[in-house]
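Chemist: Sequence below, structure please.
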Amino acid sequence: MDWTDWYTDTADVFRNEKVTENSLTHMERRQVLSGVACRVYQTKPSGLQMNQTAASITQTDKLACGIEVDIKPGDELVIHRGAKLGYTAPDERYFADTPERYYEPFGAVMPGLAHQEITLLKQERVK
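Modeler: Numbers count the residues shown, from 1 in each chain. Next comes the predicted model:
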């Protein structure tokens, strides 16, 4: 069984990196990965919260992807839901927590289970 078929979404990963120009170093957000096969699944939804100045949504989801994918805490992920199935949906923006890696045991009955899960934070504010 090919467990990568379970990944229905793709992700673009952006990371803050040091950039030196004219002897000055600053941080710049750059794309480090593109089209990463993954799947987002919801674990803790929250409803719309209203304030006097804006409405906000804070939601915690999880992302599953291959164990070899280099995602670090704080990375910004732009998820294209259903992209591996040919669907087009509005992009979703998340920030990554520390990845939890699940390695495949030696002699596994069902090979291909190795993966990593990453808790994602989605925060959107609408004025």
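Chemist: At which residues are the strands of the chain located?
Modeler: Assigned by DSSP state E, the strands in the chain fall at 9-21, 24-44, 49-50, 55-65, 76-80, 92-96, 100-102, 115-126.
Chemist: Can you tell me which of these is most buried?
Modeler: strand 76-80 (a mean of 19; mean count of other C-beta atoms under 10 Å). (Glycine included, C-beta is placed from N, CA and C.)
Chemist: where in the chain is pLDDT low?
Modeler: Applying pLDDT under 70 to the chain flags residues 1-3, 43-46, 107-111, 123-127.
Chemist: what's the residue closest to the geometric middle of it?
Modeler: residue 77 (4.5 Å; C-alpha atoms, centre = their mean).
Chemist: what about residue 71, distance to residue 100?
Modeler: Distance, residue 71 to residue 100, using C-beta to C-beta, to the nearest Å: 11 Å.
Chemist: which residues are in contact with both of those two?
Modeler: 116, 118 (C-beta atoms under 8 Å, 6 or more residues apart in numbering).
Chemist: re the thing from before, redo the strands of the chain as JSON lines? Include distance to residue 86.
Modeler: Output for those, formatted as JSON lines (distance: least, C-beta to C-beta, whole Å):
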{"stretch": "strand 9-21", "distance to residue 86": "11"}
{"stretch": "strand 24-44", "distance to residue 86": "14"}
{"stretch": "strand 49-50", "distance to residue 86": "34"}
{"stretch": "strand 55-65", "distance to residue 86": "19"}
{"stretch": "strand 76-80", "distance to residue 86": "11"}
{"stretch": "strand 92-96", "distance to residue 86": "18"}
{"stretch": "strand 100-102", "distance to residue 86": "28"}
{"stretch": "strand 115-126", "distance to residue 86": "23"}
